[in-house]
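Q: Okay, structure incoming, though there's no sequence with it:
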């Protein structure tokens, strides 16, 4: 045993370079395998989440189409009751019903036998849409079409409640797949007078279902509760041959099913019978009748294909790197030890500086102007790194019509400061996605900074949240240099700021929030101490007075001009002296166009859901006046109704009376709704996000949730000003051609 160990030791000494390369290769391969394993799991989780999202969104879209037809029937029942004593007018009623429905193809009123004695035992007025032409006629006829024997009619007589029929094919000039919504018409004697049926084309549902996919080769299928195909992808789809295989596996109870992580859907693993490719079938039933099954099929080669190629490329690069490493080791093996150590030390120092600079610069916004399509905000920032890398940072992001921005400086210099600021920057981004109170964001950053802070590194930081529609600026300062605020009307001054303490010192410190309202053309100028403490050759500092002097220059109209002029002045002052600290600046100019909407109308409602009809009539009058298309007008009405009903339900406690004011402003392109109430502080955007377990399909008609409102409106924004809640919805509109 001892002889073997000696031989192994001699071999290692004589082949040290080969042993080093081999050990590095094994170590890197282990890392690569671990990376591959965890990345594969992450892609699996992403597939699960994306497939569930696809199922949920497609179910919402299908349900919204069906609900529109349900509304069409419910909104025209009064028309039937009004003309119930005039049987011949029923033809016009059916015609009006499908005229007001974009997707309905036909409508019938199947009256109970002998309801109109003068019309005979069977009387079934029917209207049918063919292109732009609508035909009407009488379908009921003894011996030819006795609708009383139809299963749908018999089901209605027995159950007396609305329902959707299973899909069927209607043959006219061509075969059309249809489904029918049946509704009981009750007369004044509380008896069934007729069954109202509204026919909906399934081709539109199929087009909606397969309009967009999560992966290029994935496809969607719509099945009945019993597993019959309602809609499938086009025959030109590259994986069309797998449709029947997928349906067969779903209908086969012996095939093993797996629950998704959320438990709201199931999936099946399958292999294509044609090309042998592997895939996953996700499927789930719609939550309300008709409980159709929505199916999405994805393929492993698209989900994991990039991962496989990444694995191959990494192996190739590793082999190349090992060969190159071996060459370097062989080339420099005979260099003197002292020179080798000196080179390693110098290389380490240079590498640290490059890494630190890269960490800083990669965190910064790079595109200016960052939001070229907006005319209410101008932003420009810059960071000029020093020879010794510091921990400065600035950042901004836009969410829900609010501009979140920050600037900070970590104590100390070098790699540790840059790494800490990188973590603070990441936490700021993450917190700003879910929180809009700057003091709470600062509190979260402080707690994270205090954890394991054995070196007692602290960070001066400033966070601002600017509400763009109102100009309300909420901010919190953590020991940072006080920003300047200036405009042509009010001159230059320091922003009123509570100093607070830097983050990273005491985790239980309570940071105070402040707020002001910015007027039009007001500019904020934020900076780090690398500006005011910049020194010339005589060690004299640039100072606050020189900063203010530059800002008083009335020719500086844009943030970019402000920072360029400030850079110019500070470098002239330094007279080529070495820069000792990062020079970081951020300038934000608030430029709203308060006359953007030239027309304004208003509606005042009580917090009573019975006022929804008045609300819908008001919104309809606006969309009609603007000539908005039927589909978009319906979406706008649904979004406004959902938002107002949320206010009624939550802003005013049960038994409390109050008013809700709906302001409507518009121009030739955009439509803006502002919902104002004096109830308790209630942010509907936050409330909707919190209830992630509630399915949109489980909501009653008229309440499609924040997800639906966000899909129908381009922006949604909430503010509480003067003890009033203000919810703003904005969207572009197009006129019906």
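A: Cool, the structure landed. Worth saying up front: this structure is predicted, and the values here are computed from it rather than measured.

Q: where are the low-confidence patches of the stretch 101-250 of the chain?
A: 170-175 (pLDDT under 70).

Q: let's see 50
A: When the per-residue scores of the stretch 101-250 of the chain are filtered using pLDDT under 50, no range remains.

Q: what about the helices in it?
A: 151-159, 202-209, 243-251 (DSSP state H, counting those that start in this stretch).

Q: how far out from the middle of the chain is the second one?
A: So that's helix 202-209. The chain centroid and the centroid of helix 202-209 are separated by 24 Å under C-alpha atoms, centre = their mean, to the nearest Å.

Q: which parts of that helix are buried?
A: Neighbour-count burial for helix 202-209 flags 202, 205, 206, 208, 209 (criterion: 16 or more other C-beta atoms under 10 Å). Where you see a C-beta, it was placed from the backbone N, CA and C, and this is true even at glycine.

Q: Are we agreed that residue 80 is in a helix?
A: Yes. With DSSP: H, G, I helix; E, B strand; the rest coil as the criterion, residue 80 is assigned to a helix.

Q: Please give the number of neighbouring residues around it.
A: 21 (other C-beta atoms under 10 Å).

Q: Confirm for me that it is in contact with residue 187.
A: No. Using C-beta atoms under 8 Å, residue 80 is not in contact with residue 187, being 9.6 Å away.

Q: those strands in the stretch 601-737 of the chain, which residues are they?
A: Taking DSSP state E, counting those that start in this stretch, the strands of the stretch 601-737 of the chain run over residues 659-666, 670-677, 715-721, 724-732.

Q: counting contacts, what elements does the last one pack onto?
A: Using 3 or more C-beta pairs under 8 Å, 6 or more residues apart in numbering; DSSP states H and E as the contact test, the elements touching strand 724-732 are helix 630-650, strand 670-677, strand 715-721.

Q: now stretch 358-371: mean pLDDT?
A: For stretch 358-371, mean pLDDT rounds to 82.

Q: My error: substitute stretch 61-72 in the last question.
A: For stretch 61-72, the mean per-residue pLDDT is 85.

Q: Stretch 404-413 now?
A: Across stretch 404-413, pLDDT averages out at 88.

Q: and what of stretch 588-604?
A: So the average pLDDT for stretch 588-604 ends up being 82.

Q: Output the below-cut-off pLDDT ranges for the stretch 551-700 of the chain.
A: 688-692, 694, 696, 699-700.

Q: mind listing the helices for it?
A: Using DSSP H, counting those that start in this stretch, helices in the stretch 551-700 of the chain cover 559-574, 612-626, 630-650, 684-690.

Q: most tightly surrounded among the ones you listed?
A: The highest mean neighbour count among these, using mean count of other C-beta atoms under 10 Å, belongs to helix 630-650: a mean of 20.

Q: Please give the centre-to-centre distance between the lengthiest strand in the chain and its chain.
A: Determined from DSSP state E, the single longest strand within the chain is strand 175-186. Mean-position distance between strand 175-186 and its chain equals 36 Å (C-alpha atoms, centre = their mean).

Q: counting contacts, what elements does it pack onto?
A: Counting by 3+ C-beta pairs under 8 Å, 6+ apart, strand 175-186 packs on helix 16-82, strand 104-111, helix 151-159, strand 163-164, strand 168-171, strand 192-201, helix 202-209.

Q: For that strand, which strands pair with it and how are they oriented?
A: strand 163-164 (antiparallel), strand 168-171 (antiparallel), strand 192-201 (antiparallel) (DSSP bridges).

Q: how about the strands in the stretch 301-450 of the chain?
A: Using DSSP E, counting those that start in this stretch, strands in the stretch 301-450 of the chain cover 377-384, 392-399, 402-410.

Q: Residue 263 is nearest to which of those?
A: strand 392-399 (30.1 Å; C-beta to C-beta).

Q: Nearest approach to residue 280 belongs to which of the helices of the stretch 551-700 of the chain?
A: helix 684-690 (28.5 Å).
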